[in-house]
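# sequence and predicted structure below; questions after.
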Amino acid sequence: MKNSMGGSLKFEAEFFRKNNNLTVAREKKIHFIQVRTVHVLLLLSIALLAVLTVYKAANFLLTCDALQVHSFRLRNQPVFAKERIAGILRRFGGNILTLDLEDLHTQLLQVPEIENASIRRILPDTVEILFRLRRPFYQHYADGMYRLLDADGVDLSAQRQMPFGLIPVRGGNVAVSAVAVFSRELQPLRDKIEYVAYNEPYGMEVKLRDVPEIFYPGDNDFVRKINRYFKIKKRLTLNIAAIRCVDLRIAGRIYFEYLDEQRGNS
């Protein structure tokens, strides 16, 4: 009898112990889940607050009047394309932080006078643009207008009055393109040139001021060849006044073409 009661008590004690352990484990798990949930909710709240703060800060920066573009500082600005530049810049207002500098650079380079442009933001409201310009080197008269072209033959502008200090090009557009190849050779002679042209089969034609001869200097060494001719000219016993043109195309040789007053050019 005693053994039976003792066994029953042990069974009940073991049952209650296991049941109590399960209850404690379940309560711990519930507590852990509750704490974890609170932590997750807290982190979500912090994240949402951070996003909201960033949004408000970004919105403030984008709409703040102090960060709107109020001026463009132009350095070495174009001479012939001022109105066109002003029109381009009017399309690029707004917030200085979101200003598309690459697009602005692309638009500016479509202006022939502008060879390149360096653009930078000067906070809070200024954009600085430093231009590198193409300069007029040639003039070409056509259709009642003087075209101004740079050393590469790029059209920069046109005007009705004859410009000064530029090399006149005679002939059509083909002559302009052909002459532009020799700009580096012509640069040292620029102030002495009356006009240049390009005629087959002679090629480059150069006429200097106060000199009656027309020169065909070939493809290179214009200055050296012309100076050599002037040195030799002093020793010529021929009728210098009758020389119409001087062919310098072949290195080391000088050919003359004379005026024949009875037959015209010969």
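Yep, that arrived. Predicted model only: the values in this text are computed from it and were never measured.

# contacting residues for the residue lying closest to R160 once chain neighbours are set aside?
With sequence-adjacent residues excluded and distances taken as CB to CB, 6 or more residues apart in numbering, R160 is closest to M145, at 6.2 Å. Every C-beta, even on glycine, is put in place using the N, C-alpha and C of the backbone. M145 makes contact with 158-160, according to CB atoms under 8 Å, 6 or more residues apart in numbering.

# and the residue most central in space within the chain, how far is that from F131?
Centroid-nearest residue in the chain, with CA atoms, centre = their mean: N116, separated by 3.6 Å. Distance, N116 to F131, using CB to CB, to the nearest Å: 8 Å.

# from what I see, L109 and N116 are in contact.
Yes - using CB atoms under 8 Å, L109 makes contact with N116 at a distance of 7.1 Å.

# which of the residues in the helix or strand harbouring F256 are buried?
Here F256 sits within strand 255-260, counting by DSSP states H and E. Buried positions in strand 255-260, judged by neighbour count with 16 or more other CB atoms under 10 Å: 256-257.

# sorry, back to before: could you give the bridge partners of the residue nearest to the centre of the chain?
N116 has the following beta-bridge partners by DSSP bridges: R132.

# wait, is L43 part of a strand?
No - L43 sits outside any strand when classified using DSSP: H, G, I helix; E, B strand; the rest coil, being helix.

# switch to numbering from 41
Sounds good: first residue 41 from here, last item L83.

# tally of neighbours for it?
10 (other CB atoms under 10 Å).

# does anything pack onto the strand holding F296? Which helices or strands?
If contacts are counted by 3 or more CB pairs under 8 Å, 6 or more residues apart in numbering; DSSP states H and E, strand 295-300 sits against strand 283-287.

# from L163, how far out is G258?
Counting by CB to CB - G258 and L163 are separated by 56 Å.

# cool, and E297?
68 Å.

# cool, R249 as well?
54 Å.

# next, the contact list for the nearest residue to I162 once chain neighbours are set aside, please.
Of all residues not flanking I162 in the chain, E168 sits nearest, at 5.5 Å (CB to CB, 6+ apart). E168 sits next to 112-113, 115, 159-162 when contact means CB under 8 Å, 6+ apart.

# neighbour-wise, which one of those residues leads?
F112 leads those on contacts (other CB under 10 Å) with 19 neighbours.

# that residue sits in which helix or strand?
Element membership of F112, judged by DSSP H and E, is strand 111-115.

# swap in T146?
Per DSSP H and E: helix 141-148 holds T146.

# between that helix and strand 111-115, how many degrees?
60 degrees (axes from the mean of the first three to the mean of the last three CA atoms, to 10 degrees).

# what helices and strands are in contact with helix 141-148?
helix 122-130, strand 154-162.

# same thing but at 7 Å, please
strand 154-162 (3 or more CB pairs under 7 Å, 6 or more residues apart in numbering; DSSP states H and E).

# so what's the residue count around G243?
15.

# what sits against it?
256, 258, 289 (CB atoms under 7 Å, 6 or more residues apart in numbering).

# what separation is there between the closest residue to the second one other than its chain neighbours and D261?
The reference is to G258. Closest residue to G258 apart from its sequence neighbours, by CB to CB, 6+ apart: R289 at 3.8 Å. According to CB to CB, R289 and D261 sit 11 Å apart.

# now I73
If you go by CB to CB, the gap between I73 and D261 works out to 93 Å.

# show me which of these two is the more surrounded one.
Per other CB under 10 Å, whichever of I73 and D261 has more neighbours is D261, with 14 against 10.

# okay, A90: pLDDT?
Listed pLDDT for A90 reads 76.
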